[in-house]
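Engineer: Dropping a prediction and its sequence here:
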Amino acid sequence: MSTQKQGSNLRAVASSAVAITKSVFEERPHWLFLLPALLIYLPFLVIPALGIFGLSVFQWSGLGDMSFNGIENFVRAFTSDIVYTSLWHNIEIAFWSLVLQAGVGLVLALVIYRFSDRWRQFFQVTYLLPMTLMSVAVSMVWGYMYNPSYGVLNTVIKALGSDWSPLWIGSESQALYAIIIVATWQWTGFRVILWLAGLDSIDESLLEAARIDGAGPIQRFRYITLPLLKPVAIFISIYTIIGSFNSFVYVWVMTRGGPGHASEVMVTWIYKNAFLQSNFGRAAAISVLLFVIVLLLSLLNMRLGDREAGGANP
Amino acid sequence: MSTESDYGIPVREIGSELVEKLSGLMAFVVTGIFLVPIGLLLVTSVKSRTEIFTNPLALPAEFQFENYANAWTTGGFGQYFLNSVIVVGISLVFILLLSSLAAYALVQFDFPADNFMLVFFLAGFMIPPQVLLVPLYTIMNALNLLNTYYSLIFAYIAFGLPFSVFLLRQFFVTIPDTYAEAARMDGCNELQVFFRVYLPLSMPALAAVAIYQFVFLWNEFLYAIIFITDDTLRTLPAGLMAFQGQYSGDWAQLAAGIVIAVTPTVIFFLLFQRQFMRGISMGTTKG
């Protein structure tokens, strides 16, 4: 075949490819609009999400060849105690986040709701400020405040005349709680704003009607406000729990999971397996567990959310 | 406070004035708790290195503004800042463009897979970045993208899409179809309808998406420390971490670096509070 012939063949192929593409987009123009997003979404979100299951059955150090090793990674990952220690720490963080962020958040929202618009605006801004700061920065500032010798907290305790000098993030028994305090500081204000959005969505005429029917404030709160807040409550609770299972930054910056494994959480343990111990397969196996937990929580949120919506609009 | 404002809230009846006053006071105390660490950060950033150890609570004897100059130049925060601007800026532009195109397809065209595609994008909402750390690193490595801006940009766009597609679709549904039809009658093709009719009408929704994503991307830490190890390419969160590792104990300069790193999101938030709140309530109560 002469090169000239080859060239014209290529040109023919190219021009027919263009023609096909053109006709696809003419007949199905929606793909023209969807394609750019899919070109990023598929390789960098969908494929990794599927790939995590694939990686979990291979032995791989991050470099060189992968070798298939079946359920070995899962066996190794889940016969080590550390994964359960981490999981338990995530559960502890979730519990305290529910109590402190969601629970105290609701109380604060109810208080702020009664202020005049101007004050309410003031509280909304000051309460949301912590969440706009990067978590690394927040962790560093708190790490500085927790410093046992020149940190603000112990300096104040000493100035008050107490000889209690906690080690905070340096102590095995306190590290996890010290981290929970930081998460509470950064996220409680955000929960307050979410609760306020829920309170705002309550139709005031319902409360007015109940008042006319003689219901007192406690009855109105118990029988109208609370039930109507249920969808928001579900959303806030589940996303607080999901956030707790995804904890990483505070732990990594302040303690690296230490002392020992006293503040190890699932994501730091995944990180260590992959990037410090070069065991990507095992890291993927632990990620599968985290994935399943988060997915179940998201599905629970959708399920409960749907039921609420179904109940509200019969 | 008007009596109208106590809708369904029992405080007034249970307790007297006292309870009401105490709960109001609590709201202010909490504000204090939120503001004190921020104030402390600002004070620390203008102290000298020795004052931090000798006088942790006191104001500085002399304001050391050179902490900022040092952090910006020798501390490397100028470079980190520039890297953040590039990575976050490019990511934001593409998130807005790609998600509004996709949302337009979902709203304006009837095609067999249209419900599936919506669910397909929304499903990404259920996958946190932390879970994909290992496989995404593997892909970036295979594509030779580690230690480039692209690794972060592609990951950020991918994770920005689900929420943005969802929010923009919600907004596009409210735009009357007659606008698009009128434009088509005037001879506009679909791309022109998108650019000339939908985008200009969607500025409030685009702003809400941009502000929300900006805060999220500017502060992103996990991928930033893992995909980039070359110091000249680090974004601010990773740069802070590297700085702390290198100069541990230099709290004054670190504090100045932190202030530099957090200032853009704080300013953004203060300027665009209203859109920020709208983004929050659109994403939650109506989800």
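Structural biologist: Sure, I can see it. In this text, all values refer to a predicted model and were calculated from it rather than measured experimentally.

Engineer: residues near residue 214, how many?
Structural biologist: All of this is about chain A. A:G214 is flanked by 7 other residues according to other Cβ atoms under 10 Å in any protein chain shown. Using the backbone N, CA and C atoms, a C-beta is placed for each residue, glycine as well.

Engineer: You answered for a different chain; I wanted chain B.
Structural biologist: Neighbours of B:F214 under the rule other Cβ under 10 Å: 21.

Engineer: thought it was touching B:F268?
Structural biologist: Yes - using Cβ atoms under 8 Å, B:F214 is in contact with B:F268, at 6.1 Å.

Engineer: Where does the prediction get shaky in the stretch 1-150 of chain A?
Structural biologist: A:1-7, A:24-25 (pLDDT under 70).

Engineer: quick one, helices of it?
Structural biologist: Assigned by DSSP state H, counting those that start in this stretch, the helices in the stretch 1-150 of chain A fall at A:3-27, A:29-41, A:47-55, A:72-79, A:81-97, A:104-113, A:117-132, A:135-145.

Engineer: And the helices in the stretch 151-287 of chain B?
Structural biologist: B:177-185, B:190-192, B:199-201, B:203-218, B:222-227, B:236-246, B:251-271, B:273-284.

Engineer: Of all those helices, which one comes closest to A:W142?
Structural biologist: Of all those, helix B:251-271 sits nearest to A:W142, with 11.5 Å by Cβ to Cβ.

Engineer: What residues sit buried inside that closest one?
Structural biologist: B:251-262, B:264-265, B:268-269 (16 or more other Cβ atoms under 10 Å in any protein chain shown).

Engineer: Stretch A:254-261 too?
Structural biologist: A:M254, A:T255, A:G257, A:G258, A:P259, A:H261.

Engineer: what stretches of chain B score poorly on pLDDT?
Structural biologist: B:1-16, B:279, B:281-287.

Engineer: In terms of residue numbering, what are the domains of it?
Structural biologist: Domain ranges of chain B: B:3-65, B:69-284, per automatic domain parsing.

Engineer: out of those domains, deepest packed?
Structural biologist: Mean neighbour count, computed with mean count of other Cβ atoms under 10 Å in any protein chain shown, is highest for domain B:69-284 among these, reaching a mean of 19.

Engineer: do the longest helix along chain B and chain A meet at all?
Structural biologist: Counting residues, the longest helix in chain B under DSSP state H turns out to be helix B:77-108. Yes - Helix B:77-108 comes into contact with chain A (Cβ under 8 Å from any Cβ of the partner chain), by way of B:F94, B:L97, B:L98, B:S99, B:L101, B:A102, B:Y104, B:A105, B:Q108.

Engineer: can you give me how far that helix is from the chain middle?
Structural biologist: Relative to its chain's centre, helix B:77-108 lies at 12 Å (Cα atoms, centre = their mean, to the nearest Å).

Engineer: Compute the inter-axis angle for that helix and helix B:251-271.
Structural biologist: On the basis of axes from the mean of the first three to the mean of the last three Cα atoms, to 10 degrees, helix B:77-108 is oriented at 30 degrees to helix B:251-271.

Engineer: circling back to that earlier point, using a markdown table, lay out the residues of helix B:77-108 next to chain A together with distance to A:F95.
Structural biologist: Listed next are these as a markdown table, based on distance: Cβ to Cβ, whole Å:
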| residue | distance to A:F95 |
| --- | --- |
| B:F94 | 39 |
| B:L97 | 42 |
| B:L98 | 39 |
| B:S99 | 36 |
| B:L101 | 43 |
| B:A102 | 38 |
| B:Y104 | 43 |
| B:A105 | 43 |
| B:Q108 | 46 |
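
Engineer: Among those residues, which pair sits farthest apart?
Structural biologist: Going by Cβ to Cβ, the pair spanning the residues of helix B:77-108 next to chain A furthest: B:F94 and B:Q108, at 20.8 Å.

Engineer: related to what we said a few turns ago, out of the domains of chain B, nearest to A:M134?
Structural biologist: Short answer: domain B:69-284, nearest of the domains of chain B by Cβ to Cβ, at 3.7 Å.

Engineer: what's the burial count for A:E27?
Structural biologist: A:E27: 8 neighbours (other Cβ under 10 Å).

Engineer: OK, contacts around A:S80?
Structural biologist: Going by Cβ atoms under 8 Å, 6 or more residues apart in numbering or on different chains, A:S80 touches no other residue.

Engineer: go with 10 Å
Structural biologist: By Cβ atoms under 10 Å, 6 or more residues apart in numbering or on different chains, A:S80 lies in contact with A:S86, A:W269, A:N273, A:R282, A:I286.

Engineer: rewinding a little: could you check the angle helix B:203-218 makes with the longest helix of chain B?
Structural biologist: Inter-element angle recorded for helix B:77-108 and helix B:203-218: 140 degrees (by the same axes, to 10 degrees).

Engineer: Just want the angle from helix B:77-108 to helix B:177-185.
Structural biologist: Going by the same axes, to 10 degrees, helix B:77-108 makes 90 degrees with helix B:177-185.

Engineer: Skip ahead from helix B:77-108 and say which helix or strand is next.
Structural biologist: Next in sequence after helix B:77-108, counting helices and strands by DSSP states H and E, comes helix B:114-123.

Engineer: who does that next one touch, helix- and strand-wise?
Structural biologist: The helices and strands touching helix B:114-123, judged by 3 or more Cβ pairs under 10 Å, 6 or more residues apart in numbering or on different chains; DSSP states H and E, are helix A:29-41, helix A:280-312, helix B:77-108, helix B:149-173.

Engineer: so how far is it from its chain's centroid?
Structural biologist: Distance, centroid of helix B:114-123 to centroid of chain: 24 Å (Cα atoms, centre = their mean).

Engineer: again with stretch A:222-238
Structural biologist: The chain centre lies 21 Å from the centre of stretch A:222-238; the measure is Cα atoms, centre = their mean.

Engineer: Kindly report the same for stretch B:27-36.
Structural biologist: Distance of stretch B:27-36 from its chain centroid, counting by Cα atoms, centre = their mean, is 23 Å.

Engineer: quick one: is that stretch near chain A?
Structural biologist: Yes - for a cut-off given as Cβ under 10 Å from any Cβ of the partner chain, stretch B:27-36 has contacts with chain A, namely B:A27, B:F28, B:V30, B:T31, B:G32, B:I33, B:F34, B:L35, B:V36.

Engineer: As TSV, the domains of chain B with distance to A:L206 would be great.
Structural biologist: As requested, the domains of chain B are exported to TSV (distance: least, Cβ to Cβ, whole Å):
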stretch	distance to A:L206
domain B:3-65	9
domain B:69-284	20
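
Engineer: No further questions, thank you.
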